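[1] quick one: sequence plus predicted model below, questions after.
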Amino acid sequence: MFRWADVITYAKYGNPEPPRRLALSEADWQQRLTPAQYAVLRGCGTEPPYRNAYCRSYEPGRYVCAGCGSLLFDSATKYHAISGWPSFTQPAARHALSYHFDNSHHMQRVEVRCNACGGHLGHVFPDGPAPAGLRYCINSVSLRHEAPDVGADNT
Ligand code: FE
């Protein structure tokens, strides 16, 4: 289980190597992403609360990075946090995300990025539900939901 102490250790001493990396020029990102995706993923923007795709969605499946397709979160860890943004209790894997201290806007927060492409996802807070106590507060526009592949079970 990933805990707040792990978040702080990664932010302080460095994040793990991702299985793969995707580095593109700003021009390539601009071409690949919609303006709304670009503003959040590459510009560290924040989409409006509640008026976003996955805030109230609890479909089974997984959430991948809208920038590079890397697996970020499983829908089983998604919960209702009354924040207006999709919230998760755990990352899909320890190496999926990277953590960075963010002192902007007169707040001390920990920024969460996709560890493969460096895209801004949101922030993580130590006020989530037990047992891990984490709340990943993530912009919908940084994510893409993928339904589970049930084909094999239907044969
Ligand atoms: Fe990514």
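    Nice, I can see it. Just so it is clear, the model here is predicted, and its values are computed rather than measured.
[2] which stretches of the chain form strands?
    All strands of the chain, identified by DSSP state E, fall at 62-65, 71-74, 78-79, 87-88, 97-102, 109-114, 120-125, 135-138, 143-146.
[3] residues of the protein that sit close to the ion?
    Where the chain comes near the ion, counting by CB under 5 Å from the ion, the residues are 65, 67-68, 70, 114, 116-117, 119. For every residue, glycine as well, the C-beta is placed using N, CA and C.
[4] now those in TSV, with pLDDT, distance to P148 and neighbour count?
    Formatted as TSV, these follow (pLDDT from 0 to 100; distance: CB to CB, whole Å; neighbours: other CB atoms under 10 Å):
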residue	pLDDT	distance to P148	neighbour count
C65	98	18	24
G67	98	22	27
C68	97	21	21
S70	97	18	22
C114	98	21	26
A116	98	22	23
C117	98	24	21
G119	98	24	25
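[5] closest to A53 out of those residues?
    C65 (14.6 Å; CB to CB).
[6] identify the residue nearest the closest one in space, chain neighbours excluded?
    Excluding the flanking residues, the one nearest C65 by CB to CB, 6 or more residues apart in numbering is C114, at 4.3 Å.
[7] and the longest helix anywhere in the chain, C-alpha only, in PDB?
    Ranked by number of residues, the top helix in the chain under DSSP state H is helix 4-13. Only the C-alpha atoms of helix 4-13 are listed here, as PDB (Å, rounded to 0.1, in the frame of the first residue of the first chain):
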ATOM      1  CA  TRP A   4       1.900   9.600   2.700                       C
ATOM      2  CA  ALA A   5       5.400   8.800   3.900                       C
ATOM      3  CA  ASP A   6       6.100   7.300   0.500                       C
ATOM      4  CA  VAL A   7       4.700  10.400  -1.200                       C
ATOM      5  CA  ILE A   8       7.100  12.600   0.800                       C
ATOM      6  CA  THR A   9      10.100  10.300   0.300                       C
ATOM      7  CA  TYR A  10       9.600  10.400  -3.500                       C
ATOM      8  CA  ALA A  11       9.000  14.200  -3.600                       C
ATOM      9  CA  LYS A  12      12.100  14.700  -1.400                       C
ATOM     10  CA  TYR A  13      14.600  12.100  -2.700                       C
END
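[8] what's in contact with it?
    16, 94, 98-101, 110, 124, 126, 133-134 (CB atoms under 8 Å, 6 or more residues apart in numbering).
[9] mind giving me the ChimeraX select for those residues, buried ones only?
    To isolate the buried ones among the contacts of helix 4-13 in ChimeraX, judged by 16 or more other CB atoms under 10 Å, type:
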select :98,99,110,124,134
